[in-house]
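# 3D model of this:
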Amino acid sequence: ELVYAAGAGAYLVATIRGSDYPPAARSLPVIGDGTQPDPERVAATRPDLVIAWQPSAAAPLARVMDKLGVAVYYSDPQTLAAIPEAVERLGVLFGTEARATAAAQALRARLDALAARYAGRAPVRVFVQAGLDPIYTLNHASIVSDALRLCGGVNVFGDAPVVAPQVGLESVLAARPDAVLAGVSTPADTARNQAAWRAMGLPAAQAGHVYGIDADALYRPGPRLVDAAEQLCADLDQLRQP
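Prediction:
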């Protein structure tokens, strides 16, 4: 998604399972899994550049690419501000600086507008639902928490020692969140989450403050996360209304 945002989608020769946005990406050959890339299948595409995510997962692939003289570039934006930076960097790598710079500036303008609009708003305590059975959440290291901060939200498990801890229902109830945020595939998922939390006795659910945002937009550190942040800010602001 970052490559397409940088205006360099035409240079992509293959991708991995799950890389399905924008629509043009669906026509690319799928040659493996992002967490366990197959070096032979990657090498068969004869790439000039491999864009990888996490060094640990890509280590076997990187060793093969090094022997073949193929550069490996790691892209893993950790904050919202790092998303336009990543677009710009990819523009440099692909020689599409003009389009990448314009896209990055547009993303920054939207983020700046959100920061200005929601600065000083009353904090809203949010439970980030990363899983429901069992219950998982995310801590401050997640880019989702960065989106929350931009909107005046407070991650109630932000200080957890691991990025995606499993937590008990009692801990969630004790944290007393004002709202629940979850990545969803359909609006029906949000309705199910609402019903489940209401049945578990969470006051935020009793008040109707369970929100769902498209999971691909919320969890993928690309341009669509700015869309997700705009929706998140609007949801939390609605909660603040008397």
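
# for the protein, what spans make up the strands?
Remark: strands assigned in the chain by DSSP state E are 49-52, 71-74, 124-129, 131-132, 135-136, 153-155, 179-184, 210-214.

# could I get the ones you listed as TSV with mean pLDDT?
Shown next, in TSV, are those (pLDDT from 0 to 100):
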stretch	mean pLDDT
strand 49-52	94
strand 71-74	95
strand 124-129	98
strand 131-132	96
strand 135-136	98
strand 153-155	97
strand 179-184	98
strand 210-214	97
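
# tell me which strands and helices the lengthiest helix in the chain is in contact with?
Longest helix in the chain by number of residues, with DSSP state H as the criterion: helix 97-118. Secondary-structure packing of helix 97-118 (3 or more C-beta pairs under 8 Å, 6 or more residues apart in numbering; DSSP states H and E): helix 2-5, helix 82-94, helix 143-150, helix 224-240. To be clear about C-beta, it is placed using only N, CA and C from the backbone, and glycine gets the same treatment.

# tell me what the third one is packed against?
Packed against helix 143-150 by the contact rule (3+ C-beta pairs under 8 Å, 6+ apart) you find helix 97-118, strand 124-129, strand 153-155, helix 215-219, helix 224-240.

# Comparing those, which stretch has the densest surroundings?
Ranked by mean neighbour count under mean count of other C-beta atoms under 10 Å, those are led by strand 124-129, which reaches a mean of 24.

# Surely Ser75 and Leu90 touch.
Yes - using C-beta atoms under 8 Å, Ser75 is in contact with Leu90, at 7.2 Å.

# shared neighbours of those two, which are they?
By C-beta atoms under 8 Å, 6 or more residues apart in numbering, Ser75 and Leu90 have these common neighbours: 2, 51.

# quick one, which of the two is more surrounded?
Taking neighbours as other C-beta atoms under 10 Å, Ser75 and Leu90 compare with Leu90 leading, 26 against 17.

# Arg117: what's it in contact with?
Arg117 touches Cys233, counting by C-beta under 8 Å, 6+ apart.

# what's the distance between it and Ala106?
Separation of Arg117 from Ala106 (C-beta to C-beta, to the nearest Å): 17 Å.

# Quick one: mean pLDDT over the longest helix of the chain.
Helix 97-118 carries an average pLDDT of 98.

# what separates it from the chain centre, distance-wise?
Distance, stretch centre to chain centre, for helix 97-118: 17 Å (C-alpha atoms, centre = their mean, to the nearest Å).

# Tyr21: neighbour count?
As a burial measure, Tyr21 scores 16 neighbours (other C-beta under 10 Å).

# doesn't Asp216 make contact with it?
Yes - with contact defined as C-beta under 8 Å, Tyr21 reaches Asp216; the gap is 6.6 Å.

# Mutual contacts of these two, please.
Common contacts of Tyr21 and Asp216, defined by C-beta under 8 Å, 6+ apart, comprise Arg224.
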